[in-house]
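Enquirer: The amino acid sequence is not available; the structure is as follows:
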Ligand code: TIU
């Protein structure tokens, strides 16, 4: 085992790259591009685009170093049978999950808007997890995939910081994974939620995990 030290708060964290996975959360057109679900909820989607370049740099480094890279997509079956009404009922009725949007039915698997943005498109062989919830572990194969590769540490990137990234980090923390969140590789429609979400992760001695940034992760990966 060859470990490398990643600069982070509340303290540096040693990782074994062979047992570390990058988890890229929901970098989907529906969240990042105009006309998608994020915008229908009343959000300024341009705020999320700041995370794309740092995510791309981190992805490229992770691929070069042979880290496991996993992508997630939030979305539902076409008949909405896996979508709780409590979730579907958010937003204006004409713009809800399953409603027709400019990029196909909103957050429906197989529709254009559900797909991952071209800049961060999964490479051949990288697992893609289709998740019905906010957390990447809920009702998915993610834990099994990580266990089969003896993954101990997750570098969690994506959108949005306080919703799907946070929920996934909390789920991972309860399952025994060490989570590192590079601050510039995630983003929120609400800058203050991004800030406070990251502070929540690293507070109390790192109650949910570690907060770093792409420069420090890239330096550690080499
Ligand atoms: N992926 C994710 O964060 N789903 C959301 O619905 N996020 C919002 O911030 N709305």
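Expert: Perfect, I can see it now. Note that the structure is a prediction, hence the values are computed from the model and not measured. Numbering: from 1, shown residues only.
Enquirer: Run through who's touching stretch 102-113.
Expert: 28-30, 33-37, 40, 73-78, 95-101, 114, 130 (Cβ atoms under 8 Å, 6 or more residues apart in numbering). Glycine gets a C-beta too; all of them are placed from N, C-alpha and C.
Enquirer: how about it: buried residues?
Expert: The neighbour-count check on stretch 102-113 (16 or more other Cβ atoms under 10 Å) flags 103, 104, 105, 106, 107, 108, 109, 111, 113 as buried.
Enquirer: before we move on, what about stretch 71-78?
Expert: Residues 71, 72, 73, 74, 75, 76 are the ones in stretch 71-78 that count as buried (16+ other Cβ under 10 Å).
Enquirer: And the ligand, is that stretch touching that?
Expert: Yes - counting by Cβ under 6 Å from any ligand atom, the ligand has neighbours in stretch 71-78: residue 74.
Enquirer: Give me the distance between the two termini of that stretch.
Expert: Length of stretch 71-78, first residue to last, Cα to Cα, to the nearest Å: 21 Å.
Enquirer: for this structure, which spans come out with low pLDDT?
Expert: 1 (pLDDT under 70).
Enquirer: which non-adjacent residue is nearest the most centrally placed residue in it?
Expert: Centroid check for the chain by Cα atoms, centre = their mean gives residue 25 as the closest residue, at 1.8 Å. Closest residue to residue 25 apart from its sequence neighbours, by Cβ to Cβ, 6 or more residues apart in numbering: residue 158 at 2.8 Å.
Enquirer: Where does the one you found sit: helix, strand or coil?
Expert: strand (DSSP: H, G, I helix; E, B strand; the rest coil).
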